[in-house]
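Chemist: Generate a structure from the sequence data that follows.
(chains A, B, C and D)
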2 protein chains.
Amino acid sequence: MVQAKLAPRPRAEDQTRWRILAVAAECFAGHGYAATSIRDIAREVGITVGAIYVHFPSKDRLLVAVYEEGVRRIGEAVDGAIAGIAEPWARLAAGMRAHLEALLANAGFARVIVRVIPTDVPEAARDLRRLRDGYEARFEAMIEALDLAPDTDRTVLRLMLLGALNHTQTWYKRGAGRADAAGLARQFVATLRHGVARTGSSK
Amino acid sequence: MVQAKLAPRPRAEDQTRWRILAVAAECFAGHGYAATSIRDIAREVGITVGAIYVHFPSKDRLLVAVYEEGVRRIGEAVDGAIAGIAEPWARLAAGMRAHLEALLANAGFARVIVRVIPTDVPEAARDLRRLRDGYEARFEAMIEALDLAPDTDRTVLRLMLLGALNHTQTWYKRGAGRADAAGLARQFVATLRHGVARTGSSK
DNA sequence: GTCTATAATGAACGAACGTTCACTCATCTC
DNA sequence: GAGATGAGTGAACGTTCGTTCATTATAGAC
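Modeler: Model prediction:
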């Protein structure tokens, strides 16, 4: 059928859509894509499986929608954190801190980006890759602005940095006496910048 | 199709068991635990599903067996690489290089340890956690021996290091013009040791 | 008061899942 | 040869998977 020429928006009742997205984000981030079933999500939301297909055409499109929202949220968090900071190292530190805070705040939308690898879902791999790259480009730019030793491979540095950041999800336990997101970001950036060797040790 | 029936088999070989383990390692490392079915493994090995249950009582015990072999292999690789090296930083560099080489050589046994998170499989989480910790203790010891700046949190350093190492599996493409495992390990350890900031920049 | 469009249900579809089991077959022991 | 052993088969088990669909409920538009 042809789309209604004048589609009135009587009730912005896509509240259900948002609840599905939020629950799906938690499930995908918590147990992975393959281990999460449509029925798991429906049960958690409190609707039937059919209702999910009213809002999303398939499981992998639902994942892409979750990914999009996750990238949007963490991207905005990082953008907001680095806005107005000019000094390159301070910018990077602020960006890393915002990334860590989003990840460790246990928000499914952020964690799903780290947890679900694009190649896990072949039907959606292209979209997931594009979304990930779009987000990570921020760190590429932040690293580009740094004044580095001449022989530094910036690509390796970026991947090393993201690896350290995203690995936190595997081991970090909130309130476990460890440093918080801000403290972690501070130590990460200090390490990358100056190293951890005792000053004066042989080069 | 069928093996030579007349060929004498003097010893009941557990060759099949090893083939199952190897194929399972590749599958679990490539697509994850939940996305790999017993039938996938059986098809790849060239046997029936029932034959797998002759050698392993369940899917999660098969995973544990793969994990054990993976930890044994990468552990021996690291032990061999650092044997005879006394200087702490050189030891760490050698260990990181061996870890990376095992990971990037595309060996399923090594990759599965990084890919499959213990909490993914509740029935086996305890065993997987124990095996992982046993392996990672090597890096804990190597880091303990380093002469570091007084305010350095060694735990955070270890997790940062492992994050950088294991994240390579996500992005590294063999022969893609990028540095090889040895080159990556060299840059990783140089970064951790002295940082990447241009010498003389403000502290 | 109809008409239309959409949200949601509940049951069903075929396929795939992990697991079990009676059975065949080759080998080894006596 | 008789019996035991253990690897491997092939079919089936009950369950869960992603997805579909006819139907009902609701609410603005005419």
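Chemist: For stretch A:78-98, buried residues please.
Modeler: Using 16 or more other Cβ atoms under 10 Å in any protein chain shown as the test for burial, stretch A:78-98 gives A:78, A:81-82, A:89, A:91-98. C-beta: built from backbone N, CA, C; applies to glycine.
Chemist: Just the ones of the residues you listed in helices?
Modeler: A:78, A:81-82, A:89, A:91-98 (DSSP state H).
Chemist: just those residues that are near chain B?
Modeler: Among those, the residues lying close to chain B (Cβ under 8 Å from any Cβ of the partner chain) are A:Trp89.
Chemist: and which of the ones in helices among the buried residues of stretch A:78-98 is nearest DNA strand C?
Modeler: Minimum distance to DNA strand C across those is 32.2 Å, recorded for A:Val78 (Cβ to the nearest atom of the strand).
Chemist: Give the full set of residues in contact with that closest one.
Modeler: By Cβ atoms under 8 Å, 6 or more residues apart in numbering or on different chains, the contact set of A:Val78 is A:95, A:98-99, A:138.
Chemist: how far away is it from A:Ala185?
Modeler: Here A:Val78 is placed at a distance of 12 Å from A:Ala185 (Cβ to Cβ, to the nearest Å).
Chemist: what do those two both touch?
Modeler: The contact sets of A:Val78 and A:Ala185 overlap at A:His99 (Cβ under 8 Å, 6+ apart).
Chemist: which one of the contacts of A:Val78 is nearest B:Leu161?
Modeler: Nearest to B:Leu161 among the contacts of A:Val78: A:His99, at 18.6 Å, using Cβ to Cβ.
Chemist: In this model B:Leu148 seems to touch A:Arg198, though I could be wrong.
Modeler: Yes. At 5.9 Å, A:Arg198 and B:Leu148 qualify as touching, with contact defined as Cβ atoms under 8 Å.
Chemist: Looking at those two now, which is surrounded by more residues?
Modeler: Taking neighbours as other Cβ atoms under 10 Å in any protein chain shown, A:Arg198 and B:Leu148 compare with B:Leu148 leading, 20 against 12.
Chemist: In terms of helices and strands, where is the residue of chain A found nearest DNA strand C?
Modeler: Relative to DNA strand C, the nearest point of chain A is A:Gly50 (2.5 Å; Cβ to the nearest atom of the strand). Using DSSP states H and E, the element containing A:Gly50 is helix A:49-55.
Chemist: What about contact with DNA strand D: does that helix have any residue there?
Modeler: Yes. For a cut-off given as Cβ under 7 Å from any atom of the strand, helix A:49-55 has contacts with DNA strand D, namely A:49-50, A:52-53.
Chemist: Considering those, which possesses the most neighbours?
Modeler: A:Ile52 (23 neighbours).
Chemist: Can you give me the pLDDT of that one?
Modeler: At A:Ile52, the pLDDT value in this model is 97.
Chemist: Please, where are all the helices along chain A?
Modeler: For chain A, helices defined by DSSP H occupy the ranges A:15-31, A:38-45, A:49-55, A:59-82, A:88-104, A:108-115, A:125-144, A:154-171, A:181-194.
Chemist: quick one: A:Arg61 from chain B, how far?
Modeler: 18 Å (Cβ to the nearest Cβ, to the nearest Å).
Chemist: Return the residues in contact with the closest residue to that residue other than its chain neighbours.
Modeler: In space, A:Arg61 comes closest to A:Ala124 once its chain neighbours are excluded; the distance is 7.5 Å by Cβ to Cβ, 6 or more residues apart in numbering or on different chains. By Cβ under 8 Å, 6+ apart, the contact list for A:Ala124 reads A:60-61, A:63-64, A:67, A:118.
Chemist: A:Leu92: what's it in contact with?
Modeler: If a contact means Cβ under 8 Å, 6+ apart, then A:Leu92 has A:139, A:142-143, A:146, A:189 as its contacts.
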